[in-house]
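> Got a sequence here, can you build the structure:
(2 chains)
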Amino acid sequence: MQSDDVIWDTLGNKQFCSFKIRTKTQSFCRNEYSLTGLCNRSSCPLANSQYATIKEEKGQCYLYMKVIERAAFPRRLWERVRLHKNYEKALEQIDENLIYWPRFIRHKCKQRFTKITQYLIRIRKLTLKRQRKLVPLSKKVERREKRREEKALIAAQLDNAIEKELLERLKQDTYGDIYNFPIHAFDKALEQQEADSGSSDAEEKDDEEDKEDVGKREFVEDDEVDESDISDFEDMDKLDASSDEDEDDKSSSEEEEKAVDTKHKGKAPLKGPLRRKKAYVEIEYELETEPEAKAKTT
Amino acid sequence: MAKAGAKSGGSGNKGLKRKAATEEPQEAAVAEDGTTESRVQPSKAAAFPPGFSVSEIKNKQRRHLMFTRWKQQQRKEKLAAKKKLKKEREALGDKAPPKPIPKTIDNQRVYDETTVDPNDEEVAYDEATDEFASYFNRQTSPKILITTSDRPHGRTVRLCEQLSTVIPNSHVYYRRGLALKKIIPQCISRDFTDLIVINEDRKIPNGLILSHLPNGPTAHFKMSSVRLRKEIKRRGKDPTEHIPEIILNNFTTRLGHSVGRMFASLFPHNPQFIGRQVATFHNQRDYIFFRFHRYIFKSEKKVGIQELGPRFTLKLRSLQKGTFDSKYGEYEWVHKVCAYSLKSHLDNFKRME
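Residues are numbered from 1 along each chain as shown, chains lettered A, B, ... in the order given. Model prediction:
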């Protein structure tokens, strides 16, 4: 004999109900046919022999009803009605099916149906947007890849590789004239020349220079330097330098050939005015006050 | 305790001093229960005839002890051999044979048939007609769009900013929930040549999608070891607006070649050497290391480099023929991850190096 009060008295209130979940403030009902999710006398599907729910399956909403007449036939206990896709028509259907049923169940059914339709709409909207796919990472694989990356980094020797590549590019002259390392560049040019025409050219060059010096007439200035002209010293230097330019260039190139020392590395060759090829005299000046001092003592 | 006695006699030559007192009662206790006592006893006395291995001893402590002893002996022998070799080398002096080159993974690798030969005609023809041909013919100059996945966090945003300073002519746009498939036609209409999407997971950037725009290939990389500018030690000042040079190292196979070309097409053709900046993509064992440096030539044989800009490591996960399309795209290459294969470390998969 089915007595709701007895069932509620035992299961709901006092003894164990396997569908019941208790939290600090509330208790919930886990039964799949529960109308609200709470554990109440009026919303417990076990303790009410006349009960109805709305359930959703694959986007379709159904109204489930149970009456006491079928309580003895568990297989046919729940009657299922498929609801209309249209919201209003479905509400009418609910009303029609639950026409003389208690107010509470009717109201709760409609509420539940509303909520279900709302979340179905939301699902449909979201599926049109971008879906985020979660790709599981295998810890083993991740660990392995991390370790391999570290080893590859060590094997790569990045700094060395980059430096080597840059020096290669410098050698192959991709940078053009930006960097003048004259020794390097001139060495290369010299090597090229030697390779082209043998060493005889270099000798001829030297001979030519000597011959030129032998027959050349120059006007050389005096070694003395006047005090009044000290300010024009640089200008005089320049004047002389311009006439001796050819000679200077050749001799400077010779010097550079020989000198592999670090002084000229990376710097441009010394320019004209600073070169003191010709002899010059340093002049010391005495203070004029000294003879006065002498006079004083005597 | 005859058995125990025999055992201790057998192991006496190995030095019974260690743990002798604690061992014997344990041995005795276990030996009675041990199943291999008959095997162990005579072989110990005979000092390990072949066919006996340390792993057959059932007693864990004893086994461990025997193993450590064996290991020490091996180490001693190895050291002695090394010393002997060294002495021989010194004795021979100049006539000594050259030192053997140590084997590394890079040395031992199986030769990949898809390695590109610089004179290969087929490759040259392919490259003249592929999607990057217009770039390499100087017809188009690159314009990059950098963006992230949804709702980027601080690190990703900063990485995007720094990347945009590294890559000239690039713009950062925030993704506000837009679908990539809708972004791409817009980009094409605004003359962008490349799209970079930095994927983020748990507040750190972990993926990079590089898509060449007018229907070019799309490469999907896994990004790791991201270091932003302020995390790099001994770094230089911020990079200037000069167009950097590019170094692409070790992109030797066909796949590597196409990926290398993808990277090259990000940067404009005319590097400004005055800026002395260089961006490096170095491929080692299928990991692409990206670095950004400023260099200075101290002499013609010496160059100093100083790291600027962000650094990260990429690993190619997939290469797709068209623009970004995860469902219907035609994949040219997909990295097959096999957690259980013995071969996975023997480089039998298609490689980039």
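> ok, residue B:220 touching residue B:207?
Yes. Under the criterion of CB atoms under 8 Å, residue B:220 makes contact with residue B:207 at 7.0 Å. Every C-beta, even on glycine, is put in place using the N, C-alpha and C of the backbone.
> and these two? which has more neighbours close in?
Between residue B:220 and residue B:207, counted using other CB atoms under 10 Å in any protein chain shown, the more crowded position is residue B:220 (21 against 17).
> Quick check: the more buried one vs chain A, distance?
11 Å (CB to the nearest CB, to the nearest Å).
> go on, residue B:211?
16 Å.
> Assign a three-state SS to that residue, would you?
Recorded secondary structure, residue B:211: strand (DSSP: H, G, I helix; E, B strand; the rest coil).
> Next: residue A:121.
Assignment for residue A:121 (three-state DSSP): helix.
> low-scoring pLDDT stretches of the stretch 1-150 of chain B, where are they?
The model of the stretch 1-150 of chain B has pLDDT under 70 over residues B:1-49.
> show me where it has helices.
Here the stretch 1-150 of chain B has its helices, by DSSP state H, counting those that start in this stretch, at B:2-10, B:20-33, B:37-45, B:60-92, B:105-108, B:121-129, B:133-136.
> The stretch 151-300 of chain B too?
So, for the stretch 151-300 of chain B - with DSSP H, counting those that start in this stretch - the helices run B:154-166, B:180-189, B:254-264.
> now these as TSV including mean pLDDT?
Listed next are the helices of the stretch 151-300 of chain B as TSV, based on pLDDT from 0 to 100:
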stretch	mean pLDDT
helix B:154-166	93
helix B:180-189	86
helix B:254-264	89
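> among those helices, which is the most enclosed?
The highest average neighbour count among the helices of the stretch 151-300 of chain B, using mean count of other CB atoms under 10 Å in any protein chain shown, belongs to helix B:254-264 at a mean of 21.
> For it, list the C-alpha coordinates in PDB.
What follows is helix B:254-264, C-alpha atoms only, in PDB (Å, rounded to 0.1, in the frame of the first residue of the first chain):
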ATOM      1  CA  ARG B 254      62.800  20.400 -47.600                       C
ATOM      2  CA  LEU B 255      60.500  21.000 -44.600                       C
ATOM      3  CA  GLY B 256      63.100  23.000 -42.900                       C
ATOM      4  CA  HIS B 257      63.600  25.000 -46.000                       C
ATOM      5  CA  SER B 258      60.000  26.000 -46.300                       C
ATOM      6  CA  VAL B 259      59.800  26.900 -42.700                       C
ATOM      7  CA  GLY B 260      63.000  28.900 -43.000                       C
ATOM      8  CA  ARG B 261      61.500  30.800 -46.000                       C
ATOM      9  CA  MET B 262      58.400  31.500 -43.900                       C
ATOM     10  CA  PHE B 263      60.600  33.200 -41.200                       C
ATOM     11  CA  ALA B 264      62.600  35.000 -43.800                       C
END
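> For the stretch 51-200 of chain B, what lies in contact range of chain A?
By CB under 8 Å from any CB of the partner chain, the residues of the stretch 51-200 of chain B that approach chain A are B:104-106, B:177, B:179.
> So what pairs up with the most centrally placed residue in chain B in the strands?
Nearest to the mean C-alpha position of chain B, by CA atoms, centre = their mean, lies residue B:287 at 4.4 Å. Beta bridges link residue B:287 to residue B:284, residue B:315, judged by DSSP bridges.
> State the distance from it to residue B:194.
Separation of residue B:287 from residue B:194 (CB to CB, to the nearest Å) stands at 22 Å.
> Considering the residues of the stretch 51-200 of chain B next to chain A, which possesses the most neighbours?
Most surrounded of these: other CB under 10 Å gives residue B:105, at 15 neighbours.
> do you know how far that residue is from residue A:156?
Separation of residue B:105 from residue A:156 (CB to CB): 12 Å.
> cool, and residue A:66?
72 Å.
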